[in-house]
Structure formats: C-alpha cells, structure tokens
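Undergrad: one predicted model, sequence on top.
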Amino acid sequence: MFATPQGEIKRIFVTAQGAGLVDFAVIPHLDNENHPDASSANAEQWAARLPVPVYAIDDQTAITVVDGTVAVVSEASWKLFTP
C-alpha cells in the first residue's frame, strides 16, 4: 500500500535486472500529478527495498553516465537514495 492524495492504493512493486549497464536504479515521474504513486514518500519506501543506489527523478531530469561517472542534469527536483 502506498499513500496518494486520493487515498491509499495497492501496487505491485516491480524490479527488473535491466541491461546491466549501470549499477543504480531509477524511479521516474517523481511527484508528477499524473503518477500519484510516484510521490517522494513512496519513492523512499521503494528505494529502501533495493540493494543499489536509487535515483528518483521528475520529468525535467535526466541522468548521464560518461566513462563510469554519473551526473544528474535537472531543472527541477530529484533525490538519490543509497542503501
């Protein structure tokens, strides 16, 4: 169960192995009104379940990786959660 402005909702938490190109996870649409389950509070709960760093990013944020160096490019908000 996760809290939203409309009340609690039940979602299945899905993780994927990915292509193995990076050693972090991403939670997109942070605090987007069209994705109420992607709230900051829920992102923190989801990130706590993962054994890797997790970037929660809004729709004005991108992540770049160049030669192993991660950089966040953002005009808005994002959060990094570490295990």
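TA: All right, it came through fine.
Undergrad: list the contacts for the nearest residue to Tyr55 once chain neighbours are set aside?
TA: Once flanking residues are discounted, Tyr55 sits nearest to Val26: 5.2 Å by CB to CB, 6 or more residues apart in numbering. All C-beta spots, glycine's among them, are computed from the backbone N, C-alpha and C. Applying CB atoms under 8 Å, 6 or more residues apart in numbering, we find Val26 in contact with 54-57, 63.
Undergrad: secondary structure element holding Val26?
TA: For Val26, the host element (DSSP states H and E) is strand 25-27.
Undergrad: that strand pairs with which strands?
TA: Its sheet considered, strand 25-27 pairs with strand 54-57 (parallel) by DSSP bridges.
Undergrad: C-terminal to the strand it pairs with, what's the next element?
TA: Counting by DSSP H and E, the next helix or strand C-terminal to strand 54-57 is strand 61-66.
Undergrad: check which helix or strand covers the nearest residue to Gln60 once chain neighbours are set aside.
TA: Computed as CB to CB, 6+ apart, the closest residue to Gln60 that is not its neighbour in sequence is Ala76, at 4.0 Å. Ala76 belongs to no helix or strand when elements are defined using DSSP H and E.
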